[in-house]
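Chemist: predicted structure and sequence below. I'll ask about it afterward.
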Amino acid sequence: MTTTLAQPPVFAADDDLSVWPGSTTRLPHEGLAVGGVDLAEIAGRFGTPAYVLDRGEVRERCRAYRAAFPDADILYAAKAFLSRAMVRWIASEGLGLDVCSAGELELAVTAGFPASRIVMHGNAKSPHDLETALRLGVGRIVIDSPSEIAQLAAAVGHRGSQGVMVRVVPGVSAGGHSKIRTGTEDQKFGLSLTDGQAHHAISRVLGQPQLRLTGLHCHIGSQLTDVRPYLVAVRRMVGLMARVRDTQGVVLPELDMGGGHGIAYRPGESTLDIIALSRRLRAELAEACAAARLPVPRLIIEPGRAVVGPAGVALYRVLSVKRTGERTFVAVDGGMSDNPRPALYGVRYAPRLIGRHSTAGTRTATVVGRHCEAGDILAADVGLPGDIRPGDLLAVPVAGAYQLSMASGYNLVGRPPVVAVDDGRARLLVRRETLDDYRARDVGL
Ligand code: LLP
């Protein structure tokens, strides 16, 4: 029999820790420690479900980006996960920040992040978003629609000056799922390069003296594992920059290529190689600029998932095990309210039993949540020990991005806490949401 590397295994081999944080170590009785802390101990101390964030892994990932892109500005995309500690970590590693609401912005600035190193996005920014951005002095606002130009110019006022970029749709379709592809015209973000809308918006922005156009932006999609779509996009963006120079006489100093760098959720899946991305993207940029006789603009990138995703681990307690027909359902104490990603994008995770040695063989099971909905599936058809039972602990790696930040209040279960681990210590970053939190908001009795 031959094995093809391109085919990821249906389920993770039990001992494969390749998608776990680099600090993960094995303990007796199938235990695992992350950041030097026993995960079972965290579950006992903080309860379940709980999210564990390896501070060292975040740090290493920020440093890997800085090393791979020494001349670029790296903005962490806050939508992947944001907390005040995370804001501090990102600042201390020398990264900037990409936010897309007044909420993300206020949280970051009030945690001490310099507003000048923040870029604000959003396909539909509210007056409150814009007012907050201007009040706090955000570095750049990315214009995403024609109506935003006059609205922003008016808000800035005649004597003001605001750095802006224009979000361009370069006509490159890429990304891990149709819901996260943003590089073509059939979705809501940006202004089209092909139908001339982007160029038109750029001319209008240049006609507003209080808006300082620093450059162009694009974000073609998320969870990309191939470098090539970025290369096509960068060529088209440089083409547009050359056109702006030719028609408006303006050379734009910045080019923001967005984020979207893909990661593996299960062993064997591919990831985007950021060293290859850097090498090939910068080469393509230099070549395209030389051909267009443009100076090379300062490159900006906005990774979110690849900074924080692999640093997170979700911990759940098994509540029930049910065998129906061919299937075994393993129900845990969290679910789609803390991780909507399998339901939204069909993402497949690799949960693992921790803290108990099992001699039973591996059986196929479906890990489901506790919510009142049949689609509340966390991991379909995964390999788990055949004697899995209530009280067992399951840990799910690669849980740091777009899980808690997309968590909901469904069934009033309460969003889980976030516990940071580093150097053998565990520290609560965000506490569990309680019924008192819900009661406090529910003011209409
Ligand atoms: N920049 C912009 C303008 C973006 O819209 C995004 C993500 C990023 C940067 C960061 O992309 P990343 O490097 O994290 O892929 N909820 C989905 C992902 C949505 C991404 C939205 N925009 C998921 O769970 O997969």
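Modeler: Alright, I've got the coordinates.

Chemist: which residues of the stretch 1-150 of the chain lie near the ligand?
Modeler: Neighbours of the ligand within the stretch 1-150 of the chain, by C-beta under 6 Å from any ligand atom: Ala77, Lys79, Ala80, Asp98, His121. Where you see a C-beta, it was placed from the backbone N, CA and C, and this is true even at glycine.

Chemist: can you turn the buried part of those into a ChimeraX selection?
Modeler: Burial among these is assessed by 16 or more other C-beta atoms under 10 Å; the matching ChimeraX selection reads:
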select :77,79,80,98,121
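
Chemist: which two of the residues of the stretch 1-150 of the chain next to the ligand have the greatest separation?
Modeler: Within those, Ala80 and His121 form the most distant pair, 13.0 Å apart (C-beta to C-beta).

Chemist: could you dump the residues of the stretch 1-150 of the chain next to the ligand into TSV and include secondary structure, pLDDT and distance to Val330?
Modeler: Formatted as TSV, the entries for these read as follows, by DSSP: H, G, I helix; E, B strand; the rest coil; pLDDT from 0 to 100; distance: C-beta to C-beta, whole Å:
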residue	secondary structure	pLDDT	distance to Val330
Ala77	strand	98	33
Lys79	helix	98	30
Ala80	helix	98	28
Asp98	strand	98	37
His121	coil	98	38
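
Chemist: can you give the distance of stretch 319-330 from its chain's centre?
Modeler: On the basis of C-alpha atoms, centre = their mean, to the nearest Å, stretch 319-330 is displaced by 32 Å from the centre of the chain it belongs to.

Chemist: oh, I was asking about stretch 55-72
Modeler: On the basis of C-alpha atoms, centre = their mean, stretch 55-72 sits 15 Å off its chain's mean C-alpha point.

Chemist: in that stretch, what's buried?
Modeler: Neighbour counts using 16+ other C-beta under 10 Å place Arg55, Gly56, Glu57, Val58, Arg59, Glu60, Arg61, Cys62, Tyr65, Ala68, Phe69, Ala72 of stretch 55-72 among the buried residues.

Chemist: secondary structure class for the third one?
Modeler: Per DSSP: H, G, I helix; E, B strand; the rest coil, the local secondary structure of Glu57 is helix.

Chemist: which residues touch the closest residue in space to it that isn't next to it in sequence?
Modeler: Distances taken as C-beta to C-beta, 6 or more residues apart in numbering place Ala311 nearest to Glu57, at 3.8 Å, with adjacent residues excluded. Going by C-beta atoms under 8 Å, 6 or more residues apart in numbering, Ala311 touches Pro21, Leu53, Asp54, Arg55, Glu57, Val58, Arg61, Gly400.

Chemist: so the fifth one sits right up against Pro310, yeah?
Modeler: Yes. With contact taken as C-beta atoms under 8 Å, Glu57 and Pro310 are classed as touching, separated by 6.4 Å.

Chemist: tell me, what's touching those two both at once?
Modeler: Going by C-beta under 8 Å, 6+ apart, residues that sit against Glu57 and also against Pro310 are Pro21.

Chemist: is the ligand contacted by the longest strand along the chain?
Modeler: When the chain is parsed with DSSP state E, its longest strand is strand 312-324. No. Counting by C-beta under 6 Å from any ligand atom, the ligand has no neighbours in strand 312-324; the shortest distance is 12.3 Å.

Chemist: quick one: buried residues of that strand?
Modeler: Gly312, Val313, Ala314, Leu315, Tyr316, Arg317, Val318, Leu319, Val321.

Chemist: and Gly176, what's its pLDDT?
Modeler: What the model reports for Gly176 is a pLDDT of 79.

Chemist: cool, and Ala6?
Modeler: The predicted structure lists Ala6 with a pLDDT of 39.

Chemist: again with Thr3
Modeler: pLDDT, read off for Thr3, is 35.

Chemist: return the nearest residue of the stretch 51-200 of the chain with respect to the ligand.
Modeler: For the stretch 51-200 of the chain, the residue closest to the ligand is Ala77, as judged by C-beta to the nearest ligand atom, at 3.5 Å.

Chemist: before we move on, back to that, now the contacts of Ala311 in TSV, with distance to Arg293 and pLDDT?
Modeler: TSV is the format used below for the contacts of Ala311 (distance: C-beta to C-beta, whole Å; pLDDT from 0 to 100):
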residue	distance to Arg293	pLDDT
Pro21	46	98
Leu53	47	98
Asp54	47	98
Arg55	46	98
Glu57	43	98
Val58	41	98
Arg61	37	98
Gly400	43	98
